[in-house]
Each structure stands twice: as structure tokens, then as C-alpha cells.
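Visitor: coords below, sequence missing:
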């Protein structure tokens, strides 16, 4: 596979993740942990089928259990927090805060051995967090409501979880893409256990709700992980990293076009600040 093709495959994940908020809203009123369990079951089973057909099952034995544990915690934590955030706060606003993760990845990676924080990193971080402040201060379409603050807080934890997971994963070395299927299955099992312990079971109550759940499992919480893994391992990771900063803009645009979020200057300003801050930080990382 050529580097250009692998990069193009990886970019499919960015497009799929821009639909994550839309399908999460469509899956209402399914509780977060149950939604986690259903979606990751779909993504995991499909991944295992693909792995079996391609003859990759034998490679799974060579993956250390610590890698499986780390991958499971990362996927479980991020999506449990994300689904919970969008249940407790307006989708567009919470989604933009959650999409601080590309900026945080660049910022945290500057603290790794051999890396350095530059002025662009700090400027980008300030812009990104200013965008989040616009939302929290009431610059979104819904205006400030104190009952949304827990959702915004979970969205911020979501961004911290995925960025921390992504940066720390560099220390684990290369693992086969087929291992993602195991991450998904383990995440589904953990989600079922916690769901039965702390949540009431509420299934989707419409055909659209079931379709949204299925779309999540097939796309943003399924195929996206596999194509992203191919992209970052075999493609141009700098191009993919920069491309991921389009996700908050695309996600917000999709919600507005779907009529879920009302267009507002607050949303527009936040989207530009979050995305612009991430791009500035990325350019600082690419400078020699």
C-alpha cells in the first residue's frame, strides 16, 4: 500500500468522526454505557470477522496484555465521557469542547522527551481554550445555563482522555490493526457490566434511534478506528494530524444542517478558535 493511499484511508476516520455527535443525538434516550456496549459490540464483531478472513487472528497472541488493557481504557473512557456529555449539554457546544483533543495532543506531545514547547503551541492552546470559554460563558445558541456545566465538564475530561491516550500510546510500539477489534470487544464487555450496575436499560424507541445506534457502531465507533490505525501507521501522520482539526468544524456544520443546533455567532467563533488554535499549534510542531 502506498503512503498516499494509506493517508487517504486514514482521512476517512476524520469524516466519520464528524458524524459522531449527530448519531449520538439520534440515539436518545439510550443511556451512555448501554450505547457504548451496543456500538462497540458491532464494531468489535465486524473487526474480528475481518481479522479472521484476512488471516490476522494469529497476530493477536503476540500483543501484550498491557496493550490490550491500555487500548480498552482509552476507548471506553473517551466514549463513555463523550456520550454522557452529549446527554447532559447541547450537542454542538459539548462537541466543540470535546474536540479540543487535537490541540491537546499537540500541546502534550511537546512535553515528551526530545520535544519542545514553542510559542505557537502556547498561542494555539490559548485560542482553543478561549473557544471553550465562549461556550461555557454562554456564547452558544442556547445561552448560559448552569445545568449544562456538568456536561461541559465531561466534554473537557473527554478531550483530556483521548489526548492523553494518544500521546501515551506512542510508548507502546507498533501493534497490528487487528488488535483494535479486541479493544472494542473488551470495551463492550466492560460497558455491559457497568450498565447493569448503575444504569436503567432504555432501548432506542424509534426506527431512527436504532438506525443511529447501528450507524455509530458501523462508522464513528467502528470502521473509523481501523482506517485511522492504517493511516497513522502507513500514511503521513502529519497530514492526518492536521486534517483531524477539521473535525470540530465539520461536526458543528453537520448539526446545524440537520437542524439539531441553531446557527449562532457563538458557535462560529468557538469553531474558528478551536480549529485555528489547533492549526497554529500544529504548524509550530512542523517547524524545524
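Guide: Looks like it came in fine. Note that the coordinates shown come from a computational prediction; the quantities given were computed from them, not determined experimentally.

Visitor: check the closest residue to residue 281 other than its chain neighbours and give its pLDDT.
Guide: Closest residue to residue 281 apart from its sequence neighbours, by CB to CB, 6 or more residues apart in numbering: residue 124 at 3.0 Å. For glycine as for every other residue, the C-beta is placed from the backbone atoms N, C-alpha and C. Confidence at residue 124, expressed as pLDDT, is 78.

Visitor: what distance separates the helix or strand hosting residue 124 from the centre of its chain?
Guide: Using DSSP states H and E, residue 124 falls within helix 119-134. Taking CA atoms, centre = their mean, to the nearest Å, the mean C-alpha location of helix 119-134 is offset from the chain mean by 19 Å.

Visitor: ok, stretch 92-107 next?
Guide: 9 Å.

Visitor: is the nearest residue to residue 261 once chain neighbours are set aside within a helix or a strand, and which one?
Guide: Nearest residue to residue 261 in three dimensions, chain neighbours excluded: residue 92, at 3.6 Å (CB to CB, 6+ apart). For residue 92, the host element (DSSP H and E) is helix 91-98.

Visitor: what is that helix packed up against?
Guide: Packing partners of helix 91-98 (3 or more CB pairs under 8 Å, 6 or more residues apart in numbering; DSSP states H and E): helix 20-26, helix 65-88, helix 119-134, helix 149-168, helix 247-257, helix 265-286.

Visitor: the residue nearest to residue 281 and residue 56, how far apart?
Guide: With distances taken as CB to CB, to the nearest Å, residue 124 is found 38 Å from residue 56.

Visitor: who has more neighbours out of the two?
Guide: Using other CB atoms under 10 Å, the more surrounded residue of residue 124 and residue 56 is residue 124, with 28 against 17.

Visitor: OK, contacts around the more buried one?
Guide: Applying CB atoms under 8 Å, 6 or more residues apart in numbering, one finds that residue 124 lies in contact with 103, 106, 107, 276, 277, 278, 279, 280, 281, 282, 284.

Visitor: burial measure for the third one, as a count.
Guide: Read that as residue 107. Neighbour tally, residue 107, other CB under 10 Å: 23.
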